[in-house]
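Enquirer: model the following, please.
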Amino acid sequence: MLIPFLQTYAQGRFYYALIVKSRRSVNLKMSLCRSRMALLALGIIFNLFVISHASALQEIPPFNAELERIIRRELPANCQISCQVVDLNSGRVLMEKNPSLPLTPASTQKIVTSACALDTLGPEFRFATQVYTDEIKGGSAENLFLKGHGDPHLVTEELFALIRELADKGLTEIRGSIVVDDSYFDPDKPLDEAEELGYRSYHAPYSALSLNFNSLKIMVIPGNAPGNPARFLMDPLSDYASLNGHVNTVPGAGAMKIEIFKKPAEADRERLFLEGSIGVEAPAKGKYVNVQFPALYTGSVFKELLLREGIKVRGNIIKGVTPANAILYFEHQSMPLSLLVYWLDKLSNNFMAEQMCLAIGAHVHGAPGSREKGLDVMRRFLIKAGIPETSFNLADASGLSRSNKISASALVKTLSVASQDFYYSPEFISSLGISGADGTLKEKFKDENTRRRIRAKTGTLRGVNSLAGFGLGKNGKPIVFAVLVNSEQKGAGIIDYADKIMRAIFSSSLNR
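Expert: I've put the predicted structure just below:
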């Protein structure tokens, strides 16, 4: 009723000002002014009405009622959820629940890390591991400096290939020491809900000079008969650590049951102790433990491989900094970042995620790379993508910390931006696990309705389950989604509610 009234009033004032003669011209001008003001008010009110009406139509996504039914059926009352599903092509929100609520994402945090690393460093970026010397005559070097720049995938095979290159260049002996240089990073320790980190490989420390994800493998081989001690050895072999203990061989094919203890280190050399049992008919079994001194560990294996190639080493392994006047003798380059991100996301490798965070921090803010510098680059990446700072809190790059918080809408926005960036989108999307086929989704979503229709990153901690990525329904329309569930139950174990909700979404009318 208000709009027709204002329209009639404005027209009346306008015609009155033009037709009725006034004694004074100022009255005519005032009447014209009032008419124009009335028309302006009408226009403003009309525009507000149209905008508010359009917003009201967009407030409720079309499949929200079905999502509510799914959540009531699948999610216990003691859980928080943040969920959003968006049409990838149009950007239209199809369903959502608490989309702006930041929750602990667990390893779906790696979506942000991977996209930011590709955006910052580029898919072709390679990490360098350099070998310097202060003096070399013929094939005889004085001191050899092994300097790392954070290669997150330097493994024994690649280190051996590096040494073969040194042999091919004519290196025959090192008269002095092997100096290991990890000064390119200044890393913090891994974050976890426990104050003290254990021996497991996913708690491995970070370093600019690292090997085998800063872990070593302990192999246990059963004895020839029950009652005999089992044999055990380290892989790769080096004098970095001592290994002692007793593992008993028992009758049958029972799997290995051992406990590993770390005793106080002596002179930067770790001491490991084993105890337990293994069946006489059981196959040899390996277990990974982290290393306390990554650069020294890398240098010890480096020395062992040099000796195996017949290259003499007179001195010891010491930690130091490469002199500014040292001579670059050889540079080994990692596989390209596009492949590193592939293994990071497919296997949800915490160590690789943190190494990349340190690397982007050093790349943007200068060496040494630190967690603070890397997380700042990630924050800027999210803000540039149009994500408000209230939607996230970054504590680490891997998702191991429960202090990480991010909303479903922020993850959806990150995925959407990454998928639309021609510069790195193919490499990013191919790094995500494929439902029922590979990665952390290999054993999930194997039914006909979902197999190979989801490419996503999983996230799991005790009481946390999340899933975010892309999907393709039977209707042929691609979607981008994020589902994060945090249990409020004290002492909650592993949960799978986000997986169940996403499975139900794929069976809903949204994808038919």
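Enquirer: list the buried residues of the helix or strand where Val377 lies.
Expert: According to DSSP states H and E, Val377 maps onto helix 371-384. Buried residues in helix 371-384, counted by 16 or more other Cβ atoms under 10 Å: Arg371, Lys373, Gly374, Leu375, Asp376, Val377, Met378, Arg379, Phe381, Leu382. Placement of C-beta: from N, CA and C, glycine included.
Enquirer: how much space separates the third one from Glu74?
Expert: Pointing back at Gly374 there. Gly374 sits 36 Å away from Glu74, taking Cβ to Cβ, to the nearest Å as the criterion.
Enquirer: next, Gly493: phi, psi?
Expert: With angles defined as degrees, to the nearest 10, Gly493 sits at phi -90, psi -150.
Enquirer: for the residue nearest to it when sequence neighbours are not counted, the count of nearby residues, please.
Expert: Nearest residue to Gly493 in three dimensions, chain neighbours excluded: Arg462, at 5.6 Å (Cβ to Cβ, 6 or more residues apart in numbering). Close neighbours of Arg462, defined as other Cβ atoms under 10 Å, add up to 13.
Enquirer: how about Gln355?
Expert: Neighbours of Gln355 using other Cβ under 10 Å come to 31.
Enquirer: secondary structure class for Pro123?
Expert: The local conformation at Pro123, judged by DSSP: H, G, I helix; E, B strand; the rest coil, is coil.
Enquirer: and the nearest residue to it once chain neighbours are set aside, what element?
Expert: Nearest non-adjacent residue to Pro123, counting by Cβ to Cβ, 6+ apart: Ser338, 4.0 Å away. If you go by DSSP H and E, Ser338 is part of helix 337-347.
Enquirer: equivalent analysis for Ile218, please.
Expert: For Ile218, the enclosing helix or strand under DSSP H and E is strand 215-221.
Enquirer: tell me the strands beside that strand, with direction?
Expert: Its sheet considered, strand 215-221 pairs with strand 231-235 (antiparallel), strand 285-290 (antiparallel) by DSSP bridges.
Enquirer: other residues contacting that strand?
Expert: The contact list for strand 215-221 (Cβ atoms under 8 Å, 6 or more residues apart in numbering) reads 201, 204, 230-236, 240-241, 243, 247, 256, 258, 260, 272, 274, 278, 284-291, 297.
Enquirer: and which of the buried residues of helix 371-384 is nearest to Ser334?
Expert: Distance ranking of these against Ser334, using Cβ to Cβ, places Gly374 first at 17.7 Å.
Enquirer: tally up the residues packed near the residue nearest to Pro123, please.
Expert: Residues near Ser338, counting by other Cβ under 10 Å: 18.
Enquirer: end-to-end on stretch 323-338?
Expert: 32 Å (Cα to Cα, to the nearest Å).
Enquirer: gap between Ala141 and Tyr297?
Expert: In terms of Cβ to Cβ, Ala141 sits 22 Å off from Tyr297.
Enquirer: so for these two, which residue has more residues nearby?
Expert: For Ala141 versus Tyr297, neighbours defined as other Cβ under 10 Å are more numerous around Tyr297 (28 against 25).
Enquirer: flag the shaky bits of this protein, pLDDT-wise.
Expert: 1-58, 193-197 (pLDDT under 70).
Enquirer: residue nearest the centroid of it?
Expert: Nearest residue to the geometric centre of the chain (Cα atoms, centre = their mean): Lys110, 1.8 Å.
Enquirer: quick one, phi/psi of the nearest residue to it once chain neighbours are set aside?
Expert: Distances taken as Cβ to Cβ, 6+ apart place Ala353 nearest to Lys110, at 5.2 Å, with adjacent residues excluded. Ala353 adopts backbone torsions of phi -60, psi -50, taken as degrees, to the nearest 10.
Enquirer: one more: Met356?
Expert: According to degrees, to the nearest 10, Met356 has phi -70, psi -40.
Enquirer: next up, the contacts around it.
Expert: Thr113, Ser114, Ala117, Pro152, Leu340, Val341, Leu344, Gly374, Ala397.
Enquirer: let's have these in CSV, adding distance to Leu171.
Expert: Formatted as CSV, those follow (distance: Cβ to Cβ, whole Å):
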residue, distance to Leu171
Thr113, 37
Ser114, 37
Ala117, 34
Pro152, 27
Leu340, 28
Val341, 33
Leu344, 33
Gly374, 35
Ala397, 37
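Enquirer: and after the strand or helix carrying Ser82, which helix or strand comes next?
Expert: Using DSSP H and E, Ser82 maps to strand 79-87. Later in the chain than strand 79-87, the nearest helix or strand by DSSP H and E is strand 93-97.
Enquirer: now that following strand, how far from the chain's geometric center?
Expert: In this view, strand 93-97 has its centroid 25 Å away from the chain centroid, taken as Cα atoms, centre = their mean, to the nearest Å.
Enquirer: contacting residues around that strand?
Expert: With Cβ under 8 Å, 6+ apart, strand 93-97 has contacts from 61-64, 66-68, 71, 81-87, 99, 408-409, 479, 505, 510.
Enquirer: 10 Å instead?
Expert: For strand 93-97, the surrounding residues in contact (Cβ atoms under 10 Å, 6 or more residues apart in numbering) are 58, 60-68, 70-71, 75, 81-87, 99, 408-409, 412, 477, 479-483, 501, 505, 508, 510-511.
Enquirer: in strands only, show me these.
Expert: Taking DSSP state E as the definition of strands, the contacts of strand 93-97 contribute Ile81, Ser82, Cys83, Gln84, Val85, Val86, Asp87, Ile479, Val480, Phe481, Ala482, Val483.
Enquirer: show me which pair in these is furthest apart.
Expert: It's Ile81 and Asp87 that sit farthest apart of these, by Cβ to Cβ, at 20.7 Å.
Enquirer: related to what we said a few turns ago, so which helix or strand takes in the residue nearest to the centre of the chain?
Expert: helix 110-121.
Enquirer: residues of that helix that come out buried?
Expert: Applying 16+ other Cβ under 10 Å to helix 110-121 flags Lys110, Ile111, Val112, Thr113, Ser114, Ala115, Cys116, Ala117, Leu118, Asp119, Thr120, Leu121 as buried.
Enquirer: stretch 129-143 now?
Expert: So for stretch 129-143, counting by 16+ other Cβ under 10 Å, buried means Thr129, Gln130, Val131, Tyr132, Thr133, Asp134, Ile136, Ser140, Ala141, Asn143.
Enquirer: next one: stretch 272-283
Expert: Under 16+ other Cβ under 10 Å, the buried positions of stretch 272-283 are Leu272, Leu274, Gly276, Ser277, Ile278, Gly279, Val280, Ala282.
Enquirer: who's in contact with the first one?
Expert: It refers to Leu272. Contacts of Leu272 by Cβ under 10 Å, 6+ apart are 199, 216, 218, 232, 234, 241-245, 260-263, 289.
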